[in-house]
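Colleague: one predicted model, sequence on top.
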Amino acid sequence: MLTRKRLDEISWDDFNNLSLEEKAPYLVQANGQAFHTLFSQQFDREQLDQLCDLATRIRRISKQRDGVKFLADLLCHKRAMLYFSQPSSRTFLSFYAACQILGFRIAEVRDPSISSEMKGESREDSIRTFSSYFDMIIMRTPLQGFAEKVAWLLSNTDRPLPVINAGSGKDQHPTQALLDIYTLVRSFEKRGGLENKHIVFCGDLARGRTVRSLSLLLRNYSNISMTFAAPDHLQIGDDILQQLKVAGIQYNVTSDFKATIPEADAVYMTRIQDEWDSKPGESAAFNLEDFSFSGDDLARLPPYSIIMHPLPRRTEIDVACDNDPRAMYWRQMRNGMWIRSALIATNFRRDTEITHYYMMNLK
Ligand code: NCD
């Protein structure tokens, strides 16, 4: 467990200059649980196991009316702000639902262009103002590092609130990585767990933040191997490969996706993130079919393997795959609601109460 450091005892510049590993101890609260959720590197195996177990308990408790009432009472005195200044519907709704499960009252900011930012107010001032009405901020922005800045800023006020990064630029999407881990753990429950598995990532790995966050989180499981299948210009960043190398993870980089399918325990497909192109069509100079999962590919995928996708999908997974039992992407999304509830309950220290309820009523 990390030894806690305090964000109100370090200047923004000093904090900002730390590596993410060095930043991690500043994000925990006194009991060692996460307070802010900003990047994958802050989670260790113990926290991941606790979150997955808690998500399963919440999921099972939610099957009963009394359980739903119990959960909805836990944080009914709290309010959450969803600040999403980048397009989102599934992550937005997933967080919305996760907050509702725990009883939060919720408000949203979707379009800063109709706020006082347009009158020349800094983003920092806007968020600080908004934060006065709430007890938690969940934010998605195109700006890398902005959620960190907000976490630091609010921790240096007399009302520190937890900040959750729901996607920051091309960089990180830590709660997507948590739900991906939960999906992998559930899928391999009867196959000896997530250890020793081979995960193939395919698509736009250069700008897909979900793959960046997940590949780093996977370092917590022993003997994982990863293959990154992408056209050269969309291949995974060297910064990620370097971190995998340091952790002693076996990985392979290829542009031959189809050859990897028979060897995969999980195939993680992603769409081309062309909203980041500097000129139209820039990233499209390759044959998308080579980096798509077709109906025919099902026959070459081992019977125990799974297909994942953070969604939204374009054509990189053929709809013919949707009803195959190995197509995990719809269940993956629902898992997001459970693991996000688990994360928020942990941020607000309601985890022990949930576990106690579970042991008394469902065990
Ligand atoms: C992803 C994202 O926003 O990074 N979507 C999501 O949150 N599930 C993936 C994408 O947009 O391609």
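Modeller: Everything's here; your move. Residues are numbered from 1 along each chain as shown.

Colleague: according to the record, where do the domains of this protein fall?
Modeller: 7-172+336-348, 174-333 (automatic domain parsing).

Colleague: export these to TSV and tack on distance to residue 357, mean neighbour count and mean pLDDT?
Modeller: C-betas here are computed from N, CA, C, even on glycine. Converted to TSV, the domains of the chain look like this (distance: least, CB to CB, whole Å; neighbours: other CB atoms under 10 Å; pLDDT from 0 to 100):
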stretch	distance to residue 357	mean neighbour count	mean pLDDT
domain 7-172+336-348	6	18	94
domain 174-333	20	18	97
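
Colleague: now distance to residue 360 too, for those domains, in CSV please.
Modeller: Below are the domains of the chain laid out as CSV (distance: least, CB to CB, whole Å):
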stretch, distance to residue 360
domain 7-172+336-348, 10
domain 174-333, 24
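
Colleague: tell me how far the residue lying farthest from the centre of the chain lies from the ligand.
Modeller: Most distant from the centre of the chain: residue 119, at 33.0 Å, with distances by CA atoms, centre = their mean. For residue 119, the distance to the ligand equals 29 Å [CB to the nearest ligand atom, to the nearest Å].

Colleague: what does residue 219 give?
Modeller: As defined by CB to the nearest ligand atom, residue 219 lies at a distance of 20 Å from the ligand.

Colleague: and for residue 183?
Modeller: Residue 183 is 12 Å from the ligand, by CB to the nearest ligand atom.

Colleague: assign that residue to helix, strand or coil.
Modeller: Three-state assignment for residue 183 (DSSP: H, G, I helix; E, B strand; the rest coil): helix.

Colleague: tell me the contacts of it?
Modeller: 306, 308, 328, 331-332, 335 (CB atoms under 8 Å, 6 or more residues apart in numbering).

Colleague: closest to residue 355 out of the domains of the chain?
Modeller: The closest of the domains of the chain to residue 355 is domain 7-172+336-348. By CB to CB, the value is 6.2 Å.

Colleague: so what's the residue lying closest to residue 135 once chain neighbours are set aside up against?
Modeller: Distance criterion CB to CB, 6 or more residues apart in numbering; nearest residue to residue 135, sequence neighbours excluded, is residue 78 at 4.2 Å. If a contact means CB under 8 Å, 6+ apart, then residue 78 has 103-105, 135-136, 348 as its contacts.

Colleague: can I get those in TSV including secondary structure?
Modeller: Listed next are the contacts of residue 78 as TSV, based on three-state DSSP:
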residue	secondary structure
103	coil
104	coil
105	strand
135	coil
136	strand
348	coil
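
Colleague: tell me the one of the residues you listed nearest residue 159?
Modeller: Closest approach between these and residue 159, by CB to CB: residue 135, at 8.8 Å.

Colleague: quick check: the closest one touching residue 79?
Modeller: Yes. Contact between residue 135 and residue 79 holds when scored by CB atoms under 8 Å: they sit 5.5 Å apart.

Colleague: I'd assumed residue 201 was in contact with residue 228.
Modeller: Yes. Residue 228 is in contact with residue 201 according to CB under 8 Å; the separation is 5.2 Å.

Colleague: lovely, talk soon.
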